[in-house]
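>>> Here is my input; please provide its structure:
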Amino acid sequence: MQADLAGWLAPNRLYPGIADALRVALADAGSDVSIVTTKQARFTHTLLRDLAGVDLPMERIYSQVRLSALLRGTMQACHYLST
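Predicted coordinates:
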């Protein structure tokens, strides 16, 4: 990706209407937009920025790594509360 960003982006596409929907949601001051994905957050951030023109903060992208950490924390809290 770093060596050839254009080549890496070329085969990727967003579903029709997604970029517009994200921009509208982000323009609404009352909305709280997050993305949940199986891709790594850095890839998702790059795709959103370069294909959709959306610069969503990394902390709003829940990737496989971040979701796993959140689930582990939730499971540990549930175990703690049940003992």
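
>>> So, low pLDDT: which residues of this structure?
Judged against pLDDT under 70, the low-scoring parts of the chain cover residues 1-2, 66-83.

>>> Tell me which stretches of it form strands.
35-36, 61-62 (DSSP state E).

>>> just checking, what packs against the first one?
With contacts defined as 3 or more Cβ pairs under 8 Å, 6 or more residues apart in numbering; DSSP states H and E, the secondary structure elements packing on strand 35-36 are strand 61-62. C-beta coordinates here come from the backbone N, C-alpha and C atoms, glycine included.

>>> Listing partners with orientation, what would you give for the strand it packs on?
For strand 61-62, the pairing partners within the sheet under DSSP bridges are strand 35-36 (parallel).

>>> residues in contact with the residue nearest to the spatial centre of the chain?
For the chain, the residue sitting closest to the mean C-alpha position, by Cα atoms, centre = their mean, is Ile61 at 2.9 Å. When contacts are counted by Cβ atoms under 8 Å, 6 or more residues apart in numbering, Ile61 is found next to 34-35, 37, 41, 44-45.

>>> Out of those residues, which two sit at the greatest distance?
For the contacts of Ile61, the farthest-apart pair by Cβ to Cβ is Ser34 and His45; their separation is 12.5 Å.

>>> Between the two, which is the more surrounded one?
Here Ser34 and His45 are compared on neighbour count by other Cβ atoms under 10 Å; more neighbours surround His45, at 20 against 10.

>>> So that one is in contact with Met58, correct?
Yes: contact status for His45 versus Met58: in contact at 5.8 Å, counting by Cβ atoms under 8 Å.

>>> Not counting sequence-adjacent ones, nearest residue to Arg42?
Taking Cβ to Cβ, 6 or more residues apart in numbering as the measure, Arg42 lies nearest to Met58, with 7.8 Å between them; neighbours along the chain are not counted.
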